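Colleague: what's the 3D shape of this:
(one chain, ligands or ions: 1)
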Amino acid sequence: MLTLFGKSEPSLLERLKQSVGKTRSEIAARVEGLFGGRRLDPEQLKRLENALLAADLGVRTTRELLDAVKDAPPDASLLDPGQLRNSLKQHLLEILRPAPATPNGSAPDHHPHVIFVVGVNGTGKTTTIGKLAHRLRREGATVLLCAADTFRAAAVEQLAVWAERTGAEIVKQKAGADPAAVVYDGLAAARARGVDAVIVDTAGRLHTKSNLMAELDKMKRTAAKLVPGAPHDVLLVLDATTGQNGLAQAREFTAAAGVTGIVLTKLDGTARGGIVVPIVRELGLPVRFVGTGETAEDLVPFDAQTFVNSLFD
Ligand code: GDP
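Modeller: From the prediction side, this is the model:
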């Protein structure tokens, strides 16, 4: 059985922790001395507010966190050391909890398992597909990549490089071909060859929103005709370094593509990793994986507890 969304190993949790490093240092620098066991005065509350906003936790969450801190019991004239930190962590965990803390994608009793990957160009979509293929191959699954972003010739070439690198098969057609036709070919080939997982690359251009929507819809219908219940996962790739702007993209894609989970890339390159919180909160979707670098290994299942601890410890 595929364990694509299986539980994180300790080494992976460590990598998730490291990737939050920049965000953590940024928060720590701004709130230095605040976790020392005193009630916060207005100036300190302001510093905390700025730190949380700078980490991209979002206005709503920041406000709630400050209220929670201010509303400490009246007899607590002194906050226990660590109490402030714990209160922040607890509150964030409650927000992140509605989405599964550990990814738990559907256990596939269908074959092959079909994953659509959607997102704007440049977010790291192709790299993420390569990383997913690597992860599945490492578990012994056979993988077929379906190059249905026929709009960009470079995307097809890049996907072919990842197929070669990970030992996945690839199905492609010439540039400009109907993406649904590539999906058809890919799934037909996967069925004929008994492949375990198919990962479908899709176009990422937003300026023709209605075309994109119609195109994705057709691809999904085609997939469902060949494999019952397909696509079984629709992963939206978002770039953590684009911060709040990424949220607008996410809303568009969620409406158009029936997204089932988020992959947040480039978490290693940003001090604004708090963006995970408004994403989960506003979209009501789980963050399934985070990208922690550019190599095949740099894809880590998201774990809310580890993430929240890493932000403040
Ligand atoms: P696409 O246009 O969405 O397919 O994006 P690509 O997969 O080509 O990635 C764009 C750039 O982002 C490339 O230079 C990737 O190596 C880089 N990239 C992708 N994911 C990550 C990540 O998690 N961390 C870092 N640091 N770079 C990444």
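Colleague: Look up how far Ala250 lies from the residue nearest to Ala175 when sequence neighbours are not counted.
Modeller: Nearest residue to Ala175 in three dimensions, chain neighbours excluded: Ala153, at 4.6 Å (C-beta to C-beta, 6 or more residues apart in numbering). No exception for glycine: its C-beta is placed from N, CA and C like everyone else's. Distance, Ala153 to Ala250, using C-beta to C-beta, to the nearest Å: 27 Å.
Colleague: part of a strand, is Val200?
Modeller: Yes. With DSSP: H, G, I helix; E, B strand; the rest coil as the criterion, Val200 is part of a strand.
Colleague: Let me see the contact set for Gly291.
Modeller: 124, 127-128, 131, 240, 263-268, 298-299 (C-beta atoms under 8 Å, 6 or more residues apart in numbering).
Colleague: Can you list which of those residues are found in strands?
Modeller: 263-265, 299 (DSSP state E).
Colleague: In TSV, list those residues along with pLDDT, distance to the ligand and neighbour count.
Modeller: Below are those laid out as TSV (pLDDT from 0 to 100; distance: C-beta to the nearest ligand atom, whole Å; neighbours: other C-beta atoms under 10 Å):
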residue	pLDDT	distance to the ligand	neighbour count
Val263	96	9	24
Leu264	95	8	27
Thr265	96	4	30
Leu299	95	8	23
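Colleague: sorry, back to before: surely the residue nearest to Ala175 touches Lys172?
Modeller: No. Contact status for Ala153 versus Lys172: not in contact, 10.1 Å apart, counting by C-beta atoms under 8 Å.
Colleague: quick one: which of these two has more around it?
Modeller: Taking neighbours as other C-beta atoms under 10 Å, Ala153 and Lys172 compare with Lys172 leading, 22 against 12.
Colleague: Would you agree Ser87 is in contact with Ala68?
Modeller: Yes. Look at Ser87 against Ala68 with C-beta under 8 Å: they come within range, at 5.6 Å.
Colleague: do you know how far the closest residue in space to Phe35 that isn't next to it in sequence is from the ligand?
Modeller: Nearest non-adjacent residue to Phe35, counting by C-beta to C-beta, 6+ apart: Arg85, 5.1 Å away. Counting by C-beta to the nearest ligand atom, to the nearest Å, the gap from Arg85 to the ligand is 28 Å.
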